[in-house]
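*Asks:* okay, sequence plus prediction incoming.
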Amino acid sequence: MTEKNTVMWSAMTGGYGKQGDSNECLQLFNDMLKDNVEPTDIVFKIILFICSHIGMIIEGWRYFKKMCGFYHLIFSMRHYACMVDLLSRSGNLEEALELIEKMSFKHDL
């Protein structure tokens, strides 16, 4: 494949993420941005998942806010679930509950 497009970047990032290679996954994400390829909501879900599983709380929040604020993508339940998981795993249950209560759509708690 000669052309690096969003599909290729998503597949590669997801593959490394599922294999647990968080460093390579995040490096690919940064390489994608350097290549001026706009990340999709799916790529952000992968990145948030990685941040959750390796305890990158500050980075997770940064990516979460950047997704909507800079790239103008819309949060879905998947993104909120990753952030709640990130916060819960790190012991920030109050912050996780606060995020759930501020979601842009109705939750079923």
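*Replies:* Structure received. All of these numbers come straight from a predicted model, not from anything done at the bench.
*Asks:* residue contacts, the residue positioned nearest the centre of the chain?
*Replies:* The residue lying closest to the centre of the chain (C-alpha atoms, centre = their mean) is residue 48, at 2.6 Å. Counting by C-beta atoms under 8 Å, 6 or more residues apart in numbering, residue 48 makes contact with 60, 63-64, 79, 82-83, 86. C-betas here are computed from N, CA, C, even on glycine.
*Asks:* mind putting those residues in TSV, pLDDT included?
*Replies:* Shown next, in TSV, are the contacts of residue 48 (pLDDT from 0 to 100):
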residue	pLDDT
60	94
63	95
64	96
79	94
82	94
83	96
86	95
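*Asks:* quick one: low-confidence parts of the chain?
*Replies:* For the chain, residues meeting the criterion pLDDT under 70 lie at 1-2, 106-109.
*Asks:* 80 - rerun?
*Replies:* Residue ranges of the chain with pLDDT under 80: 1-4, 104-109.
*Asks:* mind listing the helices for it?
*Replies:* 6-18, 22-34, 41-54, 57-69, 77-89, 93-101 (DSSP state H).
*Asks:* next, the buried residues of the last one.
*Replies:* Of all the residues in helix 93-101, those buried under the rule 16 or more other C-beta atoms under 10 Å are 95-96, 99.
*Asks:* tilt between that helix and helix 77-89?
*Replies:* Counting by axes from the mean of the first three to the mean of the last three C-alpha atoms, to 10 degrees, helix 93-101 lies at 170 degrees to helix 77-89.
*Asks:* run through the neighbouring helices and strands of helix 93-101.
*Replies:* Counting by 3 or more C-beta pairs under 8 Å, 6 or more residues apart in numbering; DSSP states H and E, the packing neighbours recorded for helix 93-101 are helix 77-89.
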